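Undergrad: Got a sequence here, can you build the structure:
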Amino acid sequence: MIGLGRIRHVGDATVLELDGDADLAALPALSQLLAKAVSSASGPIVVDVDGLALLDDAALGLILGAAATARRQGLELRLLCTGERRRARLADTRVDRIVDVVDNLGGQAAPDPAD
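TA: Presented below is the predicted three-dimensional model:
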């Protein structure tokens, strides 16, 4: 495990469970975790952000970069997020228009916070 989270496989999905603070200081560890998750995936990649106390814009940028890399490899990256406030932030920053935001590992889309 590289600090900040762990990677596990659930069915055909590669799940990156993050915890702690995804801030500027954590970017090197997050970058390594995302690269490892994408390189080891053969199916969907799910980045679980529910365990994070902090998710800053720089970390979101890394996640978007990993999503682009995954797409080039024919894979899909999703964000697992069940918190209403964090889902609203993902909508405000329009991240949810680039990466699917789901509320469970089965891939069901999270409800739109605007509804």
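
Undergrad: hey, let's count contacts and neighbours off CA atoms from now on
TA: Fine.

Undergrad: So what's the residue count around residue 61?
TA: By other Cα atoms under 10 Å, 13 other residues sit near residue 61.

Undergrad: The one 4 residues further on now?
TA: Residue 65 has 15 neighbouring residues, counting by other Cα under 10 Å.

Undergrad: Next up, phi/psi of it, please.
TA: Torsion angles at residue 65 (phi, psi; degrees, to the nearest 10) stand at phi -60, psi -40.

Undergrad: Look up how far residue 93 lies from it.
TA: Separation of residue 65 from residue 93 (Cα to Cα, to the nearest Å) stands at 15 Å.

Undergrad: for residue 96, helix, strand, or coil?
TA: helix (DSSP: H, G, I helix; E, B strand; the rest coil).

Undergrad: Tell me who's in contact with the most centrally placed residue in the chain.
TA: Nearest to the geometric centre of the chain sits residue 47, at 2.9 Å (Cα atoms, centre = their mean). Neighbour list for residue 47: 15, 16, 17, 18, 77, 78, 79, 80 [criterion: Cα atoms under 8 Å, 6 or more residues apart in numbering].

Undergrad: centre of the chain versus the helix or strand encompassing it, how much separation?
TA: Assigned by DSSP states H and E, residue 47 belongs to strand 45-55. Centroid separation for strand 45-55 versus its chain: 6 Å, with Cα atoms, centre = their mean, to the nearest Å.

Undergrad: Show me which residues of it are buried.
TA: Buried residues in strand 45-55, counted by 16 or more other Cα atoms under 10 Å: 45, 46, 47, 48, 49, 50, 55.

Undergrad: So what sits opposite the residue nearest to the centre of the chain in the bridge?
TA: Residue 47 has these beta-bridge partners by DSSP bridges: residue 16, residue 79.

Undergrad: Quick one, grab the pLDDT at it.
TA: pLDDT for residue 47: 98.

Undergrad: So the closest residue to residue 97 other than its chain neighbours versus residue 12, what's the distance?
TA: Using Cα to Cα, 6 or more residues apart in numbering and skipping the chain neighbours, the partner closest in space to residue 97 is residue 91 (7.6 Å). Using Cα to Cα, one gets 27 Å for the distance from residue 91 to residue 12.
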